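Enquirer: With the sequence up front, the predicted model follows.
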Amino acid sequence: MIILGLMHPAERGHVSAHASLANIAGENMRLRRVVAAGAAVLGLLAGSLATAQVSAAASLADDATQAASAELATDDMPDPEDLDPDSEELNDAISQPVPESEEGAPTALGDTPVGEGTQEDGIVDPDPSSTAQSLAVICRARIVAAQRAGIDEPIPCATWASTPLSAQLRAAVSAWPTPEWCDDAGTDGGWFVNRFRACGIFSAIGTVYDPRTGATTGTLNYLVRAYAYSGRDVKNWAYQVELMQVSATGSAVGMSASGRATCVGKCKVTDSKFPSQTMSASKDAVGQFFLETTINTATKGQVGEGQASAAWVFNKPGVSQSNEIALPTPPVRCDNALPGTSRPGCTMPYIPEMVYNKAGEYPELARHIEDAQNVKNLPGKHGTVNYLTRLTDRTKIKANRNASCPSSLPRPALASCDEYPFASTWQGASTGGGSYSMRMIDAKQNSAAGRALGNFYLYNRIIEKDRFLVWIK
């Protein structure tokens, strides 16, 4: 019998003995080449999927070019209050490469509540430990049935157990460098996300039992590295899993893994590659999947969620195939509802933050927002769950603007009226019930900061009623 669960802490100390420095670099680059090559075949490396992957094999533009493109897009960005939800004037701007720093620091999924979009049937908690109890029941039932039937052949069974401590798992995964921030943020046995990427590293164990005696005949300790990435201007996303052997003993040596992908909600699997691969200390089993939203992307205003799952089984001659164990991603929201563009895109469940620096380009605006948040306790402050939510109706936006900054209000020379919360939010002066702050600030700063807000909305695909925060540094 094979029991597949989370690795016992005592087993993790052996991981560093299984990879030299050369193997570390080689295995990491090999995985990136596999993913980049597969994406190229499917035609998905253009635009944001390439940016999201951030690998050498993807031949991305350098940081200087990306920064220049982002700055140009900001200069050309219309003020969010001027955007017609049905216009397509930002189709080119949304496809500009954006520096990785603009995507936001990854956050633990449990600290990032899912937005207020649709919740499709079938979408489940992506934490694998949430299925541990039901899988354990299935496992025990199979064992009892085999014993009663007098079956001699080993009976495989798969389950997840409790997540190990971060410090213990972090030591284990140091042998396998992960994409950019994943080794730092994704080593707690849970999912970490930013707006377009999700990563998690999960610990697992396989134990082979003799069903007649109950004796252990072998163990397989391995890590599951899962990585999903979407794009701000495409209707597809990708999901890859890598099963990395830490140690194997006895009859568990030479186990093979194979798998498949499924998708629930508004999505479908367009390509699934997880052939049978024999695992060893120097060879991982890799699965690569591509998904596509099934919302009607030809019609403006469509929104829907999908959730992909990678599932795999273990095989070895003389041992029955294990039951299937699955690892779902966080739900992916795809839409064709972003004002200014007709291009669909897909996002992760992450609450983005607009950052204004008091020592930056808009100091007067930054100080106004800081005072509004701290003194008047207005919503949107970094570190809180008192979110702002985007408003896209131009009539309501105008009403917010007129309530906070009416045209009859005198403006000093070279100054303009700045309101907070923004007129393009449901917390604005009119739609928010009358709690707001108004201040006269430098007109150029005000206009430029408004365009920067539009840039923030665009690159994060912040649509109607999407939540966000404003961080004053």
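Expert: That came in fine, so what should we check first? Numbers count the residues shown, from 1 in each chain.

Enquirer: Please verify my assumption that Thr294 contacts Gly304.
Expert: Yes. Counting by C-beta atoms under 8 Å, Gly304 is a contact partner of Thr294 at 7.2 Å. Every residue, glycine included, has its C-beta placed from N, CA and C.

Enquirer: Please enumerate the shared neighbours of these two.
Expert: By C-beta atoms under 8 Å, 6 or more residues apart in numbering, Thr294 and Gly304 have these common neighbours: Lys266, Cys267.

Enquirer: Pick out the residue closest to the middle of the chain.
Expert: Nearest to the mean C-alpha position of the chain, counting by C-alpha atoms, centre = their mean, stands Ala198 at 2.9 Å.

Enquirer: Neighbour count: Thr294 and Gly304, which is higher?
Expert: Gly304 (20 against 15; other C-beta atoms under 10 Å).

Enquirer: Okay, and the beta partners of that one?
Expert: For Gly304, the beta-bridge partners are Cys334 (DSSP bridges).

Enquirer: Parallel or antiparallel, list what pairs with the helix or strand in which the residue nearest to the centre of the chain is found.
Expert: Secondary structure from DSSP states H and E places Ala198 in strand 197-209. Strand 197-209 has the following strand partners under DSSP bridges: strand 2-5 (antiparallel), strand 191-193 (antiparallel), strand 216-229 (antiparallel).

Enquirer: Against Phe456, how distant is the residue nearest to the centre of the chain?
Expert: Applying C-beta to C-beta, to the nearest Å, the value for Ala198 to Phe456 is 21 Å.

Enquirer: do the same with Val241
Expert: For Val241, the distance to Phe456 - C-beta to C-beta - is 32 Å.

Enquirer: my guess is Ile138 contacts Ile325, does it?
Expert: No. With contact defined as C-beta under 8 Å, Ile138 does not count as touching Ile325 (10.4 Å).

Enquirer: Who has more neighbours out of the two?
Expert: Ile325 (22 against 14).

Enquirer: Who does the more buried one form a beta bridge with?
Expert: The partner residues for Ile325, given DSSP bridges, come to Trp312.

Enquirer: Give me the local confidence score for it.
Expert: Here the pLDDT value assigned to Ile325 is 89.

Enquirer: Then Asp466?
Expert: Listed pLDDT for Asp466 reads 97.

Enquirer: Please apply the same query to the one 5 residues further on.
Expert: In the prediction, the pLDDT value recorded for Trp471 is 96.

Enquirer: Can you list phi and psi of the residue lying closest to it once chain neighbours are set aside for me?
Expert: The shortest distance from Trp471 to any non-neighbouring residue, by C-beta to C-beta, 6 or more residues apart in numbering, is to His382 (3.8 Å). With angles defined as degrees, to the nearest 10, His382 sits at phi -50, psi 140.

Enquirer: Report the contact partners of His382.
Expert: Listed by C-beta under 8 Å, 6+ apart, the contact set of His382 reads Glu353, Leu469, Val470, Trp471, Ile472.

Enquirer: among the strands paired with strand 197-209, which is the most enclosed?
Expert: Stretch with highest mean neighbour count among those: strand 191-193 (a mean of 28; mean count of other C-beta atoms under 10 Å).

Enquirer: Give me the average confidence score over that strand.
Expert: Mean predicted lDDT for strand 191-193 stands at 90.

Enquirer: now the strand holding Ala198: mean pLDDT?
Expert: Mean pLDDT, computed over strand 197-209, is 84.

Enquirer: send the alpha carbons of it over as PDB?
Expert: Extracted C-alpha coordinates of strand 197-209, given in PDB (Å, rounded to 0.1, in the frame of the first residue of the first chain):
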ATOM      1  CA  ARG A 197       1.000  34.700 -10.600                       C
ATOM      2  CA  ALA A 198       0.600  32.000  -7.900                       C
ATOM      3  CA  CYS A 199       3.100  29.700  -6.400                       C
ATOM      4  CA  GLY A 200       3.100  27.100  -3.600                       C
ATOM      5  CA  ILE A 201       5.500  24.400  -2.400                       C
ATOM      6  CA  PHE A 202       4.000  21.400  -0.700                       C
ATOM      7  CA  SER A 203       5.600  18.500   1.100                       C
ATOM      8  CA  ALA A 204       4.500  14.900   0.500                       C
ATOM      9  CA  ILE A 205       5.300  11.300   1.300                       C
ATOM     10  CA  GLY A 206       4.600   8.000  -0.200                       C
ATOM     11  CA  THR A 207       4.800   4.800   1.900                       C
ATOM     12  CA  VAL A 208       4.600   1.300   0.500                       C
ATOM     13  CA  TYR A 209       3.100  -1.300   2.800                       C
END
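
Enquirer: circling back: per-residue confidence for the nearest residue to the residue nearest to the centre of the chain once chain neighbours are set aside?
Expert: Excluding its sequence neighbours, the residue lying closest to Ala198 (C-beta to C-beta, 6+ apart) is Ala228, at 4.5 Å. As predicted, Ala228 sits at a pLDDT of 93.

Enquirer: who's Ala228 bridged to?
Expert: Beta-bridge partners of Ala228, as defined by DSSP bridges: Ala198, Tyr239.

Enquirer: how about it, what does it touch?
Expert: Counting by C-beta under 8 Å, 6+ apart, Ala228 has contacts Arg197, Ala198, Cys199, Trp237, Ala238, Tyr239, Gln240, Ala308, Thr329, Pro330, Val332, Met348.

Enquirer: Which of these has the largest number of neighbours?
Expert: Most neighbours among the contacts of Ala228, by other C-beta under 10 Å: Trp237, with 32 neighbours.

Enquirer: Just the buried positions in the helix or strand containing Arg142, please.
Expert: Per DSSP H and E, Arg142 falls inside helix 132-149. Residues Ala132, Leu135, Ala136, Cys139, Arg142, Ile143, Ala146 are the ones in helix 132-149 that count as buried (16 or more other C-beta atoms under 10 Å).

Enquirer: any idea how far the residue lying closest to Val319 once chain neighbours are set aside is from Ser251?
Expert: Once flanking residues are discounted, Val319 sits nearest to Pro154: 4.8 Å by C-beta to C-beta, 6+ apart. With distances taken as C-beta to C-beta, Pro154 is found 8 Å from Ser251.

Enquirer: Quickly list what's touching both of these two.
Expert: Common neighbours of Pro154 and Ser251, using C-beta under 8 Å, 6+ apart, are Val208, Thr217, Val319.

Enquirer: need the residues you listed in TSV with distance to Phe192, can you?
Expert: Shown next, in TSV, are the shared contacts of Pro154 and Ser251 (distance: C-beta to C-beta, whole Å):
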residue	distance to Phe192
Val208	32
Thr217	36
Val319	35
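
Enquirer: Mind jotting down where the helices sit in the stretch 251-400 of the chain?
Expert: Secondary structure of the stretch 251-400 of the chain (DSSP state H, counting those that start in this stretch): helices at 363-374, 394-404.

Enquirer: Now the last one: average pLDDT?
Expert: The average pLDDT for helix 394-404 rounds to 96.
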